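Engineer: Here's my sequence, what's the structure:
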Amino acid sequence: MEQSQHSISMLIVEDEQVIREVMGVMISRRFPDSIIHFAENGKIGVELFREHTPEIVITDIQLPVMDGIEMAGEINSIKTGTRFIVLTAFSNAAYHNEFNEIGIHDFLSKPIVFTELFAAIETCIAEIRDWRPAA
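Structural biologist: Next up is the predicted model:
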């Protein structure tokens, strides 16, 4: 599927199905022209990234199979410049440092405050649109 100049492609990586579904509904309501892919662990996240190359990855840190930090590192080696929004229930400084090395855009605490998530997505979208070549 080819993206229009206005659509933004996102990947949500979250192991809790209910959270994944609620995020998908809320994000698609707020950003109706977005294309959203879903993964329940980091390994599937990398596979879907290879297939769809979304511009924004919203991920939890604590994931089965492959955690969010390892997944983000692999994604960054596939395509630099991907925007990462990290969600976590943990406020561990080591996580912040590891993600800062990878180049995250935002680090948000759980439970999710959707106004904060939407603001982070809007900032990513503005950066992406500034970076995209004109059609």
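Engineer: and residue 74, how many neighbours does it have?
Structural biologist: Residue 74: 17 surrounding residues under other C-beta atoms under 10 Å. Heads up, the C-betas are built off the backbone N, CA and C, glycines and all.
Engineer: Leaving out sequence neighbours, find the closest residue to it.
Structural biologist: Spatially, and ignoring its direct neighbours in sequence, residue 74 is nearest to residue 46 (5.0 Å; C-beta to C-beta, 6 or more residues apart in numbering).
Engineer: My reading is that that neighbour lies in a strand. Confirm?
Structural biologist: No - secondary structure of residue 46 (DSSP: H, G, I helix; E, B strand; the rest coil): helix, not part of a strand.
Engineer: can you count the residues close to it?
Structural biologist: 23.
Engineer: Could you do the one 3 residues further on as well?
Structural biologist: As a burial measure, the neighbour count of residue 49 was computed by other C-beta under 10 Å and equals 22.
Engineer: Which residues are in contact with it?
Structural biologist: 11, 57, 75, 78-79, 82 (C-beta atoms under 8 Å, 6 or more residues apart in numbering).
Engineer: how close does the closest residue to residue 128 other than its chain neighbours sit to residue 64?
Structural biologist: Spatial nearest neighbour of residue 128, excluding adjacent residues (C-beta to C-beta, 6+ apart): residue 55 at 5.2 Å. Going from residue 55 to residue 64 by C-beta to C-beta, to the nearest Å gives 25 Å.
Engineer: the more surrounded of those two?
Structural biologist: Neighbours were counted for residue 55 and for residue 64 using other C-beta under 10 Å; residue 55 has more, 24 against 11.
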